[in-house]
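K.L.:
generate coordinates for the sequence data below:
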Amino acid sequence: MLKAKLGIAPIAWWNDDLVELSDDVSLEECLRQASVAGFTGMETGRRFPMNMAELGPILERFGISVCGGWHSGRVLEGDLEAEKERIRPMMDFFIAAGAPCIVYGEIARAIQGERAAPLATKPRIADDEMKVYGRNMTAFAEWCADEGMPIAYHHHMGALVETEPELDSLMNHSGEALRLAYDTGHLAFAGGDGLRVIERYHGRMGHIHTKDVRQGVIDGLDRSRESFLDAVIKGAFTVPGDGDLDFGTIVRRLAELGYEGWFVVEAEQDPVANPPLEMARKGHAELLRVMSAAGYEVVQ
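P.N.:
Residues are numbered from 1 along each chain as shown. Predicted coordinates for the structure are as follows:
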């Protein structure tokens, strides 16, 4: 039987890009609620102490492990040695934590954190530059894996790799060492075909974010005027079982193709309108339902 683990991201409690979309809870209360909801992993966030001497006992108290975390990367700028120095502290921390991977997000030229930047102004590069970028990302991913902590590349709205064709280009111009952090919600937001991406790249998927979408909110956006953060505030994202994606089909296909590892709920939204514990329970219940039907054994 295929084995999988269920994690969640703290972005449901505190948003690192939109402080106003944050619940006034401590790290301990965030972990407690995640544990009560049934999760055994959590990605890191801004209230996490980035060392296991301090964090380890807190995690142990709630039966939670580090199941990933975001690194704001700048490999696009071309200085791999500088990027190695930037990621080194997080890498050492994640190795000590026994984390499965670092989620790499390219922020060079990105507009994802800029409230005033419309979605239509996202960065774009020519194929020749993508070839260079793909080679550099491959070299960086190989180094990270050799150092003991693999990375998984997160395609993201407002970033260099947002759309399905951009993801295709990156995958085509990079090597096997560059794993994919497949995000169901970001791909749907960008108009991509989630099942087609699974078919093409299941062998390179190193991490999965199970983010649902409210398609009506996305369809109603004016991308020439509204930003990614505007979309988040409007409620573009939610947890599995609360939006419009068919997670039964998504998870079943992943199982058929042999994916094992973490499924992480990462659904940024207003915690006042969408209480994090309630949302966490809903997402956990939906994932358990579809994963059981797909033949997964959910393990600690």
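K.L.:
hey, let's count contacts and neighbours off CA atoms from now on
P.N.:
Will do.
K.L.:
after the lengthiest strand in the chain, heading C-terminal, what element do we hit next?
P.N.:
Looking across the chain with DSSP state E, the single longest strand is strand 2-8. Per DSSP states H and E, the first helix or strand lying C-terminal to strand 2-8 is helix 27-37.
K.L.:
buried residues, that following helix. List them.
P.N.:
For helix 27-37, burial by neighbour count (16 or more other Cα atoms under 10 Å) applies to 27, 30-35, 37.
K.L.:
chain center to the next helix or strand after it: distance?
P.N.:
Proceeding N to C from helix 27-37, the next assigned helix or strand is strand 41-42, under DSSP H and E. Its chain's average C-alpha position is 12 Å from that of strand 41-42, according to Cα atoms, centre = their mean, to the nearest Å.
K.L.:
what do you get for stretch 199-206?
P.N.:
15 Å.
K.L.:
that one: end-to-end distance?
P.N.:
Using Cα to Cα, to the nearest Å, one end of stretch 199-206 lies 14 Å from the other.
K.L.:
now do stretch 188-201
P.N.:
End-to-end distance for stretch 188-201, by Cα to Cα: 16 Å.
K.L.:
other residues contacting stretch 134-149?
P.N.:
Here stretch 134-149 makes contact (Cα atoms under 8 Å, 6 or more residues apart in numbering) with 75, 78, 80, 84, 91, 94-95, 100-102, 150-151, 170-171, 173-178.
K.L.:
before we move on, back to that, and the buried residues of helix 27-37, which is closest to Gly248?
P.N.:
Ala37 (20.1 Å; Cα to Cα).
K.L.:
what's the pLDDT at that closest one?
P.N.:
For Ala37, the model assigns a pLDDT of 98.
K.L.:
shouldn't it be in contact with Ala280?
P.N.:
Yes. Assessed by Cα atoms under 8 Å, Ala37 is found in contact with Ala280 at 5.9 Å.
K.L.:
which of the contacts of stretch 134-149 are buried?
P.N.:
75, 80, 84, 91, 94-95, 100-102, 150-151, 170-171, 173-175, 177-178.
K.L.:
and the end-to-end length of stretch 46-55?
P.N.:
By Cα to Cα, one end of stretch 46-55 lies 13 Å from the other end.
K.L.:
now do it: everything it contacts.
P.N.:
16, 26-27, 90, 93, 96-97.
K.L.:
same check, this time on stretch 214-231
P.N.:
Contacts for stretch 214-231 (Cα under 8 Å, 6+ apart): 18, 111-121, 157-158, 189, 234-238, 243-244.
K.L.:
for stretch 154-163, same thing?
P.N.:
For stretch 154-163, using Cα under 8 Å, 6+ apart, the contacting residues are 103-112, 119, 121-125, 166-167, 170, 180-183, 186-187, 189-192, 228.
K.L.:
in helices, which of the residues you listed fall?
P.N.:
In helices, judged by DSSP state H, the following of the contacts of stretch 154-163 are found: 166-167, 170, 186-187, 189, 228.
K.L.:
could you single out the nearest of those residues to His284?
P.N.:
Comparing the ones in helices among the contacts of stretch 154-163 against His284 with Cα to Cα places His186 closest, at 19.4 Å.
K.L.:
what distance do you get for that closest one to Phe62?
P.N.:
For His186, the distance to Phe62 - Cα to Cα - is 30 Å.
K.L.:
over to Asn15?
P.N.:
22 Å.
K.L.:
Ala96 too?
P.N.:
18 Å.
K.L.:
who has more neighbours, these two?
P.N.:
Phe62 (18 against 13; other Cα atoms under 10 Å).
K.L.:
contacts only, for the residue most central in space within the chain.
P.N.:
Centrality entry for the chain: nearest residue to the mean C-alpha point is His209, 4.7 Å, by Cα atoms, centre = their mean. Neighbouring residues of His209 by Cα under 8 Å, 6+ apart: 181-185, 263-266.
K.L.:
nearest to Met1 among those residues?
P.N.:
Checking those against Met1 with Cα to Cα, the nearest one is Phe263 at 16.2 Å.
K.L.:
to the chain's geometric centre, what's the distance from the helix or strand hosting Met137?
P.N.:
Counting by DSSP H and E, the element that carries Met137 is helix 127-146. Distance of helix 127-146 from the chain centroid (Cα atoms, centre = their mean) equals 20 Å.
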